[in-house]
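Novice: Here is my input; please provide its structure:
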Amino acid sequence: MLDIIREAPLGQAIRFLTQNRLLQYPEEKPDFKLPEAYVAQLEIHEKQSNNGHASFSSAPGEASMARNNNISRVRSESQSESQSESQSESLQRYATNFESLRTVTTARSVHTIPYSSERVKAEKELEIERTKSLPIAPQKTSDGIVLVDWYTTDDPENPHNWSSFKKILITTIICVYTFIVYSASSIYAPSVEGVSEHFGVSIIAAELGLALFVLWYGVGGVVFGPLSEIPIVGRNPVYYVTFIIYFGISFPTAVVGNFGGLLVLRSLQGFFGSPALTNGGGTFADMYDLIYVPYQLSFWVYCAWGGPAIGPLIGGFATMFKGWRWPLWEIVWMNSFMLVVILCFLPETSAANLLMRRAKRLRKRVGDPRLQSQSEIDQRHLTASEILVGALVRPIEIMIKDPAILFVNIYTAFFYGVYYTFFEVFPLVFPPLLWL
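Specialist: Numbers count the residues shown, from 1 in each chain. From the prediction side, this is the model:
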């Protein structure tokens, strides 16, 4: 349970306030030892650098210091031909020791394989490997960077290796979160008549409070979905930052005194509640192999459909006895509960983000700038505009180029439109239809 809290926003806040003295990671504990595979890789490259066969690049200050140290070592160790021969023998010994540690290769590349039978087969093989505690030999780039990966096939920090209890807890949190946000869209429906009477607008105009909510959590999904795929951001900040804003907006929505303000606030609610619509599938893929993800998606989709269906039922009773504002207060109460759960028990699941932070801790502990994650290297030379295009524009290009994906999105949009038109709009605009 402590590892769940450590990765949750509450745990990260505790670590920040205590300067990482509480809820420490393994790399921060006094008894931590760098795995032999990493030691061997670093020593191999150091020997190669001393012989003038390779060089590495990293942060400017650290890199220049490391290069100066290497130059001085080269000068001192190259005094005679016999010393050079001994270095070659030592290098060969390190290479032999390292090869004995290379029992399995990194599994990072598996998650870049498209969703196909090949990926299913690869993930099945990895699932078998995770039943054993085999060391994972880190890869090394041509410029000497040692890529930080999971230490072993059963590394407890890997979301795929988390316990069933932890996975089920996170899945439940995401499903309840989705249910609450989705129910907030339709819970407004019983208030439409009261809004119309209170602000002196037509029924159709009052229904904009529902329509704009749905519209903007579609727009928000286009922004927050790709944003969570950026390693330096991760999934958790998108969840809790947007939900804190969503929770804060819920208060003025329940007490707003003009119709225009109500529509604006409902639109903002939909926009900042949209990660429930877009990011849940990514969280499940972080924890489960591809073959098991549909099981989690089925519960998630059930909550996504159950929320709008049950929302009017919850809000209807409150409207009859307490007035049209009461369903909006029910949104506040549900959000209060969900905010506490997210802040205390929702951990980060993005492997790219977790490995990036592990690499940072290792560099601090070992003092070697060559320890870096693949995501750090990928994003090092990216500009803000390139990240924006890659996160927002490229998915749209892929959708347009792939007819199957385009068809699924058009079908989904049409189906949602028909659903909300016949089950949310028509019963309110044409009440006599319900009596036929």
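Novice: Tell me the predicted confidence for Val176.
Specialist: Per-residue pLDDT puts Val176 at 94.
Novice: Look at it and say how many residues are nearby.
Specialist: 18 (other C-beta atoms under 10 Å). For glycine as for every other residue, the C-beta is placed from the backbone atoms N, C-alpha and C.
Novice: my guess is it meets Asn335, correct?
Specialist: No: Val176 lies out of contact with Asn335 (C-beta atoms under 8 Å); the separation is 11.6 Å.
Novice: which residues pair with Pro135 across the strands?
Specialist: Note on Pro135: beta-bridge partners Thr152, judged by DSSP bridges.
Novice: Quick check: mean pLDDT of the helix or strand harbouring Gly281?
Specialist: Here Gly281, judged by DSSP states H and E, is contained in helix 280-287. For helix 280-287, mean pLDDT is 89.
Novice: Residue numbering should commence at 43 henceforth.
Specialist: Sure, I'll start counting at 43 from here, so that last one is helix 322-329.
Novice: what residues does it touch?
Specialist: Helix 322-329 has contacts (C-beta atoms under 8 Å, 6 or more residues apart in numbering) with 201-202, 204, 209, 212-213, 216-217, 219-220, 267, 270-271, 277, 335, 338-339, 342, 391-393.
Novice: Recalculate using a threshold of 6 Å.
Specialist: Pro201, Lys209, Ile216, Thr220, Arg277, Val335, Gln338, Trp342, Thr391, Ser392 (C-beta atoms under 6 Å, 6 or more residues apart in numbering).
Novice: Show me which parts of whichever helix or strand comes after it are buried, residue by residue.
Specialist: Next in sequence after helix 322-329, counting helices and strands by DSSP H and E, comes helix 335-364. Using 16 or more other C-beta atoms under 10 Å as the test for burial, helix 335-364 gives 335, 338-339, 341-342, 345-346, 349-350, 352-354, 356-357, 360-361.
Novice: ok, now stretch 288-298?
Specialist: Residues of stretch 288-298 classed as buried: Tyr288, Phe289, Ile291, Ser292, Thr295, Ala296, Val298 (neighbour count, 16+ other C-beta under 10 Å).
Novice: Those into CSV, with extra columns for distance to Arg308 and secondary structure?
Specialist: Supplementary listing: these in CSV, determined by distance: C-beta to C-beta, whole Å; DSSP: H, G, I helix; E, B strand; the rest coil:
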residue, distance to Arg308, secondary structure
Tyr288, 12, helix
Phe289, 15, helix
Ile291, 9, helix
Ser292, 10, helix
Thr295, 6, helix
Ala296, 11, helix
Val298, 9, coil
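Novice: Next, format those as JSON lines and append distance to Tyr281 and pLDDT.
Specialist: As requested, the buried residues of stretch 288-298 are exported to JSON lines (distance: C-beta to C-beta, whole Å; pLDDT from 0 to 100):
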{"residue": "Tyr288", "distance to Tyr281": "10", "pLDDT": "94"}
{"residue": "Phe289", "distance to Tyr281": "12", "pLDDT": "94"}
{"residue": "Ile291", "distance to Tyr281": "16", "pLDDT": "94"}
{"residue": "Ser292", "distance to Tyr281": "16", "pLDDT": "93"}
{"residue": "Thr295", "distance to Tyr281": "21", "pLDDT": "92"}
{"residue": "Ala296", "distance to Tyr281": "23", "pLDDT": "91"}
{"residue": "Val298", "distance to Tyr281": "26", "pLDDT": "91"}
